[in-house]
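# Mind folding the following:
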Amino acid sequence: MDGARLPAQVEVSAMLRATESLGGFATVLHKGDVDSGTILVVIEQKQGLGVVYERMPQPDGARKWIAAKVQDPDNKTEFQDYLDRRKRQDSDTWIIELIVDDGARLILNAV
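So this is what the prediction gives:
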């Protein structure tokens, strides 16, 4: 991998379109930097609980999607607090929400 990366806005747009093409719902919860913003993807699961996925650097230099935060059914406010804290820490961060069957597969197979 040469380190090249799609602009964040292009990648977000592609995820939104892919979700909608599968009959799902997608929305931008927070718009970040158009070129290099970090992307957090909230996938709502069938139980109504959310999982936040984020790309994390790997030892080989790749950036792999990982589940960074799973919503606790007994403390749902903690999940929103986490997203709010991430926005405060880095205003360039994108936060998008995808509601689609097998949403994790959609992003885990993304480039």
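
# from here on, contacts and neighbour counts on C-alpha atoms
Will do.

# Quick one: the helices in this structure, in order.
8-21, 76-89, 103-108 (DSSP state H).

# what's the closest of the ones you listed to Pro59?
helix 103-108 (18.2 Å; C-alpha to C-alpha).

# Contacts for the closest one, please.
Here helix 103-108 makes contact (C-alpha atoms under 8 Å, 6 or more residues apart in numbering) with Met15, Thr19, Ile43, Glu44, Trp65.

# Centre of the chain to it, how far?
10 Å (C-alpha atoms, centre = their mean, to the nearest Å).

# Give the rounded mean pLDDT of it.
What helix 103-108 shows for mean pLDDT is 81.

# Next, the buried residues of it.
Neighbour-count burial for helix 103-108, counted by 16 or more other C-alpha atoms under 10 Å, picks out Gly103, Ala104, Leu106, Ile107.

# ditto for stretch 39-48
Ile39, Leu40, Val41, Val42, Ile43, Glu44, Gln45.

# thought Gln45 was touching Glu97?
No: taking contacts as C-alpha atoms under 8 Å, Gln45 lies outside contact range of Glu97: 11.0 Å.

# Understood, closing this out.
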